[in-house]
Structures are given as structure tokens and as C-alpha cells.
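[1] Predicted model and sequence below, questions to follow.
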Amino acid sequence: MCSHQALQAQDIQVWKEQDGLANRVVNYGLQSSDGYLWLASMGGLHRFDGYSFLTLLAEEGAQKAFGLAESRDTLWVGTDQGVKALDLKIYEGVTFSVPAGTKSGQIIGVAADEDYQIWAVSEAGDLLCRTSDFRWTRLLSPSHTQGLFGEKSKLLISGSFLWLRNRLGECFRIHRQSLVVEGPYFASPNLSEGSLFLHPDHGVLAFGAQGVEQFHEGTGKFVSLWPELGTNLCFALHDYQGRMWLIGEDRKQFLLWHQGVKTDLTQSFFDPKDNTHLNYLFEDRSHNVWVCSNNGFFKISNEPNSFQQLLTPAQVDFPNYIPSFRGMLEDAKGDIFIGGYSGLFRWNPQGRLQRLFDNTIPFSPYILLEADARHLWVVSEGYGLLKVNKQSGELAVMADNSGTLDRFLKAGVRRRDSTLWLGGYQGLWTFHESTATFAPVSFPFGGLDVGALPINHLYTTQDGHLWVSTDKGLYECDSASVLRYYGTHENAHAPLVTQVIHSVLEGPKGKIWIATGGWGVLCLDRNTGQVKPYTTYSGLADNTVAFGLYDGAQGLWFGTNVGLSYLDLTTDQFQNYFVIDGLTHNEFNKGSYLKTRDGRLFFGGVNGVNVARPSSEGSTPSEKHRVQITQIEFLDAQDSLIRIQSPQQIEEGVRLPVHTSYLLLHLGFSDYLKPEKNRYAYQLEGYSDQWISLGEEHILRLASLPHGDYQLNVRATGAKGNQALSQFSLPLYVPQVFYKTWWFITAVIVFVLAAAFLVILQRVRRQRDLANMQLMIATDLHDDVGSALVKVAMKAEMLEEEVPHTLETEMSDIAATCRKVLGNMRDVVWSIDARQSTVPDLFDKIREHVRHQFQSSAFSYGFQFTEELDQVNITPQQKKELFFIVKEAVANVLKHSNGSEVQLKAHKTERKLILEVWDNGEVASLPEGPGMGLRNMRMRADRIGGTLECIAQPGFLVRVHTRIV
């Protein structure tokens, strides 16, 4: 097998200016400890997260970058303006000037060691060292190194030494602790700018005119090691599989060397018309090989083959037919039979492949079933049921005695009674081997005949039930009828999200795994009726699934339209396989799967058959990959775009403006096998505990988060199912709108209370001033007007005895009127006196008035005022209006009542004062005459927000209600 079998055209990706790279001439690259890829190009320094490029140090004036080295969260960059240091936490750079006397400021190579020593070599041949005390020292000048370095780095750290080489083959070795320079040691010259290389088994190697040369410590010389690799090599990469990737002569050749075999990959990977020159190679932690060139940045997927390929176009001739396979069977002898559009094949345990009949026969062996030791049953798409001799390939078409058999069959299963059940586009049939007869099957259910539906798959579970997969749902049957239906209709025993069922299989614990057309895989628990979906959001390669296969241990395999998925039942995690893992193609066919007795797994599809021998690395969380938030974007309060890119700022968290309507988080995962297939999920603690899948979308959009402290947790899964061991957590804080903050609410409360206090104080002052004015008016009326009225009345009484007899009556009326007016005035003065505003004050006045009115009348009277009213306060307005209502009611009794008894009552109900005046006079109807004053009493009741009732039977009752505080 060729050593580069897995390297195919679709395994190569390239990034240039149109893909966001500032300059296609990439000189150097590495993967930093935080998982990002860093590139030094003629356009500066770039960070690559698998999706986009971020150019840094541009504001520092660095236009060209040649070399990179990482040390203690710092990235050291060799540029055309000297050495620059980028802090990998805050993305801020510092420029270091070269020491005095340095001939050239263009640094073409840098190296860093674990002691924080930084080494740099200039284009002219200066070797510089920055020691742990942060001082730069020039160790070698062009006069020592001959200045023949070209444009590429020649620095190499090996153990306690730093190695440096020029084009002439002169190698210098520097003790990293003492800074003592040794050499030169001579290797053969290399006009292609050959470099030094550290091999894990052979130490320091040099590439020169005599091929690969190895340094011998004892002799201090370089001697030829692998002459078969050729001469004038420029660079080498030793990958994780022990293979060597080589940049050849003039930096135009791309070679792969493994186990003594050299393969030229140049024509396979690079278009000769592009004149591509290769500058550097490095390997990331996903085992991808990255190529830095003058014509872009290339990625070569370098995963090991996980599958053996059979029946590929390279192995078998398929004239005029698609190499696509369907049915598979292992017989008692261990021979594997594989059917497809190109014929029927037998593959024996010794690896011999035999075609049983050629591809001129126009049918496809869809399902293969054991007939006897010498024959197979072939359920075909085109010829119905055939019987095939295993040795000769001779075949016989089974005659249709029923006259109804569909020649285009695509499902078949042998039942326990040795009856064959067959399914096609037009329904179900049985075939009895003993009589060689067909019979159509009728399964009436829910208004349709399941036996007449197009059949996708037939399967028998351990309990003997037959499972029929159709585009109209899934049916569980016995030999006579449908037992249960599973689908989207109301009569389903367990509801499914789709009716399109491609196939089923029985897994551990009797669970049924359902492969669907567009909805992924559904796991049916027959005991509970619960259905659990598995889709691309769960890690499945694709939602259109052809088949499922249980490996007999702890895993299930699913063939989809875009890859092969393995579900680890112990972790409930998927691991996916694609062409880059050695598959013949990413598309798989229905019914094309087999588990042999020795545990091998066969999967058929387009372009051949795949035999599984995968590793389980991708199914468990890995420490080598990290999930990242690469960039945060949001709008501030002025609607200006804020962009955060430095790791430290991101890790510290983000304080968002209120009502942020635009928040974008760019996610990344350091598994660069297929970044576009990486999947992400997030959880926003403080808002919801639920994990939400983003699928393959790497940009998370959040908007209008309510006020609060949150923690955004992000986790990622690679294309093959490998997870990051840890998740990324980002603190988020959304402040409260100012009018809901405690200080604003407190200020508003204080303001409202202060305003209310001032209003109340103003009202109190006004009421006090009004009360004082009322008191002054009352006093003046009482003192001035009252005394004058008294004098008038007294003089009238005195003159009554002196005037003629004809005027006595008039003088008596004058005196009586004055005293009446004086009484009324006293009532008015009492009503406006604010010092007497309690209910007892009102009751005292009412008692006084009633006694005065009824003392010389024939009426008896009484009072019933409850004690609970003694502490009730009323307003001066209420006191006034209630008194005059009672006064008017008493006057009406005296004028109009024919009764002999009057009762005055008062009590409190809830927040109301109820005052009643009742007499026992007979009233036929409610009087409405002008002299009754009822209209005035109602008007007074309205003034104080009360109501007035007049009830005529029995007796006459006047009742007034008013609210009290």
C-alpha cells in the first residue's frame, strides 16, 4: 500500500488574499500553546482560528514578518524592522532595536528556549541573543558567518546548544548558558538555502549538496546519512507517524519519505503554472501538515487511514457502471459476498477477490440471504428473487406463480420458519422455499394496507416481530397482522418526527434504532415508549441515514449521505469518519453493511467498500484541543461598534450597555481537521441552565439580555467527534436601566416623599390659615354682630311697653326676629369653628338644637349615638353640612309631621358615618313640596360626598351617609 494513500486532492485546502490573508507570501507558521495558528507573511503577523485571519502589529509599523517563536505567553517575531514581541494575553507589541553595530535590521529567523532566551539572526549574518536579564547581545557578526543566509531562517535549538548555518555549509554551535561559540562545522553547501533539522532518532541533520548529512559529536563532522533522498533539500518535517515531509530543490519540490520510499507530491498538490515556492512546514495538534509558501497557506489533512478499501475503481475494472454496492453476506465458510450495480463479488478470508458474474446483467443485488451451502438468495432490483451458485455464479430467476410480484425488490429477511419476506416498490410478499411459491401479504391497518406500501427495509427482532420500514411510517408486525404503528399520526403507539423510515436495528437492552430520511436517528425505548433523537446537532455526520449496525460491544455505526458515524453508547458521543480517514466515499447505501463473525465491519457505498479498523481517540475528550471565543462585537450606548479580540479582555468578561441589540461572539476550536464541521453548544448561566446547540454555526448572536450577571459557557466538538476536555467560560454583565437602579428608585422615592410633604405642609398651612380666618370671622360675628343684635332685641322689648298698642306686636316680632337671627348666626359661627370638629362636638350641638326646638312642643324625642363614634374626626365641611341637614329635618318634623315621637340615631359602618332622623308621623307618600327642603338636604349631602335617603313607611326617616377617615 502506498505510504500516502490517504492524501487525495480533497484533503488540501489553501488560503490566499481572497480568503482574508493579507499577503499570500507566508514565510513561517506555528501553533501556539493557546491553540491558534500564527503566520509570518510579507503582509505582517496573522492569527488564524480556522475561520478567519486577524492581522496584528500593523499599528507598530511592521510590514514584513519572517520568523516566529513562542516563549512564556509571548510571541517573538522577526520583521524587517527588527525583533517584535507580542503579548499573547493582551495582543500588545513591543519593538526591540537591534544592538549597535548590527549590519541589518531585517530579522529572518528567531528561536526561543525554555530559559527565556531569545535568539535572532539577521539577513546580513548577525546572531543576536536576548538573555534572561533582558539585554541584547550580538554573538556573531557577518565577518564570522560570511553573511550568506538568504531570506530563510537557519536557527535550530538542540539540547544545550543553538545551531546556525549559512549557504556555504558552515554550521556554528552556541552554548546556550555560556554563550560560547563553537565552529564552524562544515556540511556540504546548499545553493537552495538548505537548513538544519533535528531528527528524533538521528539528532542534528543538515541538507546539502551531498544529501542528508548527520552530525557526529565525536568527530565534529557531518557525514552522509540518506543519500537516496537526493541533494539540495531545503527543509524537513518529521510527523507523528514517523514520516518525513520534505521541501526539495529550489523550494519547488514537495516530497514524502517513509520506510525507504520517496514519493514526489508536487504535481498532486500544486499547479505547476502557479510557480509555488515552499518556505516552511509545521504540524498542528490535529496532525494536519501546514505549508507556508509564496502562493498561499496550505493545509494537508494527515490523519491515518482508519479503513481498508475494497472494490475501488483502482482495484477492479467497472466499465460503464457506477462502483456502488448494496447487499452483503458472510457464509458458513467465512466468504464475504458483496453485491452492487457492477455485479456480485466473493472475497475469501485469504483476500482473494472473485467476480461471480459480470456487470452486463441489468440488476443490482440489493439484499443477500443464505440459501444453502452452495447457493445464495439475491433480492434484486430489476429481476426479483434470484438463486445464485456461490462457486460458478450461475443464477436462476424464481418464477412468479402469483402474478403479482414486483421485480424491483429492495428489502428481504429470512423469518424463523425459513420463509423469505420480500419488500419492493409495490408492497410485501412471502416466498416459501419448499414450494418455490410467492404470495402477496395484506396487513390492513388504520384504513390502509401496509402490505401494499413501498417497502424500504425489513428487520426481525429477537422476539420474532417483523419491523417494516416505509415512507408512511414504521410498523411492528407478527406473521398475521400489524401490532403497532410508529409515526406522526394520532394513532401512533409512539410518536415520531417523521414518516420516512429507511431502516431499523435492535441495539442493547432491546432498544430500536431508527434511521430516517432527513431527521437523523431515533432511539425508541420499547419499555417506556420514549423516543430520543440524534441529529447533526448531537454530532451525527448527516440527518439522512441509510442504515445502522451494532458492533456487538458498546457502539453503533450509521451510514449517512456525508460520512460514517460511530456512536459510543458509554459516552453518548459521536465520532465521524470521512474520505480523509480512508473511506472510499462519504455517501453510503441502504442495506450495505455487515458484521462478520470475527468482528470486522463492512460498509458499502459509492466508490467501493470500507472495512473498519478505527481507533477510539476521537470519542473521548482531549486536552490537546481548546474551545475559544476569538472575538466579541457589540454596540455601545452611542451605537458605535466595539470589538474585543485579546484573550485577557475576553477572559475578564464583558460589561454590556443597557438594551444591547447587537452582540456577536465568534467561536473557535483548535481542532483544524475540518473547522467547518466543528460543532458548538452554549449555556447562559443566570438565564437558563439548558445547553443550546449551534450546530456548525461558529457565530453566537445574543440580543436584549435582561439586567443581570451571567456566565456564558461554550463547549465544542470536532468534525470526528473529539471534544475539548474543558469548556470556555465568559462573564457577562448587563447593567440595569437607570430608572430601575436602587439609587434612582431611592432618589425618586425621596423626591416624591419630599414633594408630598411640601404639598401636605402647604395644605396644612392653608387649612390652618383658613381655620384662623374662620375663627376670626366667627369671633368678629359673635362679638360685633351678635352684640348688636342683642341690643336691638333688648331695645325692641323695652320699646314694646312704651309704644302705642298698635305697635306692640311689631316690636315683639322685631325682638323675636333678632333673637332668631342671633341663634342662626351662632349656628353658623359654630359650624366654621375648626376647634370643634369631632363627632361628639357635632352631637352636642345637635342635642342642644333638638332640645331647644322640641322643649315647648308635644313631641317626645330621644338620642342613640354609639360610643365608637367618640374618637371619629370629621372635616369642618362635614360638620357644617350634617348639622344643617339635621336642623332642616327637625324643622320639617315640627312643620309637617302629625306624629308624637322623634328619634335621632348615629352609628359607624366600615368607613362610613350614618346619621338618621325618624318620626312616627303617618306619610302616605314621599312629600316633594317646596317647603320640605329635601332638595337642599340632598345638595348638602352631595357637597360632602355623601348620599341622602328619605323613607316614607313606616313613619318618616331621613338617613344620610358620609365617608370618614
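    That came through, no problem.

[2] for this protein, what's the longest helix?
    Ordering each helix of the chain by length in residues (DSSP state H) puts helix 742-780 first.

[3] Which elements pack onto that one?
    Judged by 3 or more C-beta pairs under 8 Å, 6 or more residues apart in numbering; DSSP states H and E, helix 742-780 is in contact with helix 805-831. Glycine gets a C-beta too; all of them are placed from N, C-alpha and C.

[4] after the helix it packs on, next one along is what?
    Downstream of helix 805-831, the first helix or strand assigned by DSSP states H and E is helix 839-854.

[5] can you list the residues that contact the helix or strand following that next one?
    In the C-terminal direction, the helix or strand that comes right after helix 839-854 (DSSP H and E) is strand 860-865. If you take C-beta atoms under 8 Å, 6 or more residues apart in numbering as the criterion, strand 860-865 is touched by 843, 846-847, 850-851, 854, 900-906.

[6] Relative to strand 860-865, what are the paired strands and their orientations?
    Sheet pairing for strand 860-865, assigned by DSSP bridges, gives strand 901-909 (parallel).

[7] Contacts for whichever helix or strand comes after the strand it pairs with next, please.
    Downstream of strand 901-909, the next assigned helix or strand under DSSP H and E is strand 912-919. Residues outside strand 912-919 that contact it (C-beta under 8 Å, 6+ apart) are 839, 859, 869, 872, 874, 882, 885-886, 889-890, 893, 897, 899, 901-908, 955-964.

[8] Parallel or antiparallel, list what pairs with strand 912-919.
    Strands adjacent to strand 912-919 in the sheet, as given by DSSP bridges, are strand 901-909 (antiparallel), strand 956-963 (antiparallel).

[9] What segments of the chain are helices?
    Using DSSP H, the helices of the chain run over 142-145, 266-269, 647-652, 742-780, 786-802, 805-831, 839-854, 876-896, 934-943.

[10] Same list (the ones you listed) but as a markdown table, adding mean neighbour count and distance to Q690.
    Putting the helices of the chain into a markdown table (neighbours: other C-beta atoms under 10 Å; distance: least, C-beta to C-beta, whole Å) gives the following:
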| stretch | mean neighbour count | distance to Q690 |
| --- | --- | --- |
| helix 142-145 | 18 | 63 |
| helix 266-269 | 14 | 45 |
| helix 647-652 | 15 | 23 |
| helix 742-780 | 11 | 30 |
| helix 786-802 | 14 | 86 |
| helix 805-831 | 15 | 72 |
| helix 839-854 | 17 | 65 |
| helix 876-896 | 20 | 63 |
| helix 934-943 | 16 | 62 |
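
[11] Show the pLDDT at H961.
    Model confidence at H961, given as pLDDT, is 92.

[12] Next, the contact list for it, please.
    K912, L913, I914, A941, G946, T947, E949.

[13] Next, count neighbours for the closest residue to the fifth one other than its chain neighbours.
    If I follow you right, that is G946. The shortest distance from G946 to any non-neighbouring residue, by C-beta to C-beta, 6 or more residues apart in numbering, is to T962 (3.5 Å). By other C-beta atoms under 10 Å, 21 other residues sit near T962.

[14] gap between T962 and V839?
    Remark: distance between T962 and V839 (C-beta to C-beta, to the nearest Å) = 11 Å.

[15] Need the overlap of contacts for those two.
    By C-beta under 8 Å, 6+ apart, T962 and V839 have these common neighbours: I874, L913.

[16] what's near enough to touch R847?
    When contacts are counted by C-beta under 8 Å, 6+ apart, R847 touches F863.

[17] one more time with 10 Å
    The neighbourhood of R847, defined by C-beta atoms under 10 Å, 6 or more residues apart in numbering, consists of Y861, F863, F865, L904.

[18] Just put the residues you listed in TSV and tack on distance to V25 and neighbour count.
    Output for the contacts of R847, formatted as TSV (distance: C-beta to C-beta, whole Å; neighbours: other C-beta atoms under 10 Å):
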residue	distance to V25	neighbour count
Y861	119	18
F863	113	14
F865	108	18
L904	112	20
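
[19] and those as JSON lines, adding distance to P313 and pLDDT?
    Rendered in JSON lines, the data for these read as follows (distance: C-beta to C-beta, whole Å; pLDDT from 0 to 100):
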{"residue": "Y861", "distance to P313": "126", "pLDDT": "90"}
{"residue": "F863", "distance to P313": "121", "pLDDT": "89"}
{"residue": "F865", "distance to P313": "116", "pLDDT": "87"}
{"residue": "L904", "distance to P313": "119", "pLDDT": "92"}
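
[20] I'd like to know which of these is nearest to G382.
    Distance to G382 across these (C-beta to C-beta) is lowest for F865, with 112.1 Å.

[21] Apart from its neighbours in sequence, what residue is nearest G78?
    I107 (3.4 Å).
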